[in-house]
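1. sequence first, then the predicted structure, then my questions.
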Amino acid sequence: MKPKLNIHTIVLCLTGILFIAGLFYISWTIRQQINSANSDFSTFEERLQEQKNSLESAQSAFAYAIQSEKDILNWRAHKADGISSAAQEADPDPNASSDTKPSIFSQNTAPEYNDFSDENADSDSNNIWSDSDDTSENYDSDQPVA
């Protein structure tokens, strides 16, 4: 006896073939999306690397410009002082007196800076809380005084 092919077997085989073809199609489209995302990401990485390189070159150019400007200012200062050679800078005169600048803390030694007693509180020059400038004429009557 020969087995007969009935319609159910044929429909089941065709459905299986269509299902397998659908799986291949979905995997192919997903693979294309992954490849396009990878290519977009690699182009983004390339642009990012280009930006990083341009930023580093701009930073080094800026640092070079700052350093050259400092060198020019130092050269002008030395030229104005009359120092023209590096040998004069390296060998200072041993007989020259070493004048040191006083500390910034010892410069304001006037009594009005150091005296915090109440003796000077009445004078207008030392009293920072004086109300001599605040008169009622300076304010509008409609505006509240804060």
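-> Received, thanks.
2. CA atoms for contacts and neighbours, from now on please.
-> Noted.
3. relative to Glu69, how far out is Ser57?
-> In this structure, Ser57 lies at 18 Å from Glu69, with Cα to Cα, to the nearest Å as the measure.
4. where does the chain dip in pLDDT?
-> Per-residue confidence for the chain (pLDDT under 70) gives these ranges: 1, 83-146.
5. would you mind finding the longest helix in it?
-> helix 7-81 (DSSP state H).
6. report all helices and strands that it contacts.
-> Packing contacts for helix 7-81, counted by 3 or more Cα pairs under 8 Å, 6 or more residues apart in numbering; DSSP states H and E, involve no helix or strand.
7. how close does Ser39 get to Ile66?
-> Using Cα to Cα, which is the criterion applied here, Ser39 is 40 Å from Ile66.
8. residues touching Phe41, list them.
-> Neighbour list for Phe41: empty [criterion: Cα atoms under 8 Å, 6 or more residues apart in numbering].
9. measure it to Arg47 for me?
-> Phe41 sits 10 Å away from Arg47, going by Cα to Cα.
10. and what of Leu55?
-> If you measure Leu55 against Arg47 using Cα to Cα, the figure is 12 Å.
11. one more: Glu56?
-> Distance, Glu56 to Arg47, by Cα to Cα: 14 Å.
12. likewise for Leu5?
-> As for Leu5, its distance to Arg47 is 62 Å (criterion: Cα to Cα).
13. likewise for Asn35?
-> 18 Å.
14. burial of Arg76, as a residue count?
-> Residues near Arg76, counting by other Cα atoms under 10 Å, number 13.
15. when you give positions from now on, start the count at 48
-> Sure, I'll start counting at 48 from here, so that last one is Arg123.
16. that one and Phe71, how far apart?
-> With distances taken as Cα to Cα, Arg123 is found 77 Å from Phe71.
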